[in-house]
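Colleague: Make a model of this:
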Amino acid sequence: SIDNLKIPSGSWASIFGVVHGNIYDLTIKNASLTSTYNAPCAIVCAWAGNSTGELHAEFKNVHVVGSKVEYTAALDAVVGGFVGNACNSTFENCSFDGSVRRTAGSDKALTSYIGTGGFAGRTLEKSKFKDCYTSGEVYNAKGRATGGLVGYYTVNAAEGDIEGCHTSAKVTSINDCTGG
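Modeller: Here you go, the predicted structure:
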């Protein structure tokens, strides 16, 4: 387990940055991240997998507990509690409990689907979620596509799957395209 980790602000801020491989049986408690960069961010990784499908990421029994993500950059990036961008990735029995807060961004964020989510900020090709859950809070003061589980589930994600997942997170957004 990883306890009380403070993740410094930086490009692709997260514990693992980009994941092409497997992460199993990990608990992260009381982690915090405040990002001031125009790049994806989340506690576990900013990006999982890749868009060509050559590099897959798999997460099983990975839990983030009592943690917080805050995005304060003046520009726009995908923000998630567990993962920023999920692309050709599998998540099974994983969770995020804590707060995800986007408190800044450009005016473009008001018209674009950037993605702020309790588990994933945005999904891309073929991502699969099974028995995953979120709790806590998702707050988006500057942008669209906000969700308790996934902020922006893209059209290319149609080959993906969400099965047995749920959220009890309180979701608040000042713009449209908001879901629980």
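Colleague: mind checking the longest strand of this structure?
Modeller: Longest strand of the chain, by residue count under DSSP state E: strand 57-71.
Colleague: what comes up buried for that one?
Modeller: 57-60, 62-65, 67-71 (16 or more other Cβ atoms under 10 Å). From N, CA and C alone the C-beta is placed, and that goes for glycine too.
Colleague: mind checking how far Asn93 is from Ala74?
Modeller: 37 Å (Cβ to Cβ, to the nearest Å).
Colleague: Look at these two and report which has more neighbours.
Modeller: The neighbour count for Asn93 versus Ala74, taken as other Cβ atoms under 10 Å, is higher for Asn93 (15 against 10).
Colleague: so that one makes contact with Phe129?
Modeller: No - using Cβ atoms under 8 Å, Asn93 makes no contact with Phe129, being 10.2 Å away.
Colleague: Next up, the contacts around Ser89.
Modeller: Val19, Ala48, Gly49, His56, Ala57, Glu58, Phe59, Val83, Ser127, Lys128 (Cβ atoms under 8 Å, 6 or more residues apart in numbering).
Colleague: Looking at the residues you listed, which is nearest Ser32?
Modeller: Nearest to Ser32 out of the contacts of Ser89 is Val83 (Cβ to Cβ; 16.7 Å).
Colleague: Surely that closest one touches Gly49?
Modeller: No - judged on Cβ under 8 Å, Val83 makes no contact with Gly49 at a distance of 9.5 Å.
Colleague: higher neighbour count, the two?
Modeller: Counted by other Cβ under 10 Å, Val83 and Gly49 do not tie: Val83 has more neighbours, with 36 against 27.
Colleague: Relative to Asp176, how far out is that one?
Modeller: According to Cβ to Cβ, Val83 and Asp176 sit 24 Å apart.
Colleague: repeat for Gly115
Modeller: Note on Gly115: its distance to Asp176, by Cβ to Cβ, is 14 Å.
Colleague: Of the two, which one has the most company?
Modeller: Neighbours were counted for Gly115 and for Asp176 using other Cβ under 10 Å; Gly115 has more, 31 against 9.
Colleague: Can you tell me which residue sits nearest the middle of this structure?
Modeller: The residue lying closest to the centre of the chain (Cα atoms, centre = their mean) is Gly80, at 2.2 Å.
Colleague: Quick one, grab the pLDDT at that one.
Modeller: pLDDT recorded at Gly80 is 97.
Colleague: What of Phe119?
Modeller: Phe119 carries a pLDDT value of 97.
Colleague: Just give me how far stretch 64-80 sits from the chain centre.
Modeller: 8 Å (Cα atoms, centre = their mean, to the nearest Å).
Colleague: My error: substitute stretch 131-147 in the last question.
Modeller: 9 Å.
Colleague: May I see the buried residues of it?
Modeller: Residues 132-147 are the ones in stretch 131-147 that count as buried (16+ other Cβ under 10 Å).
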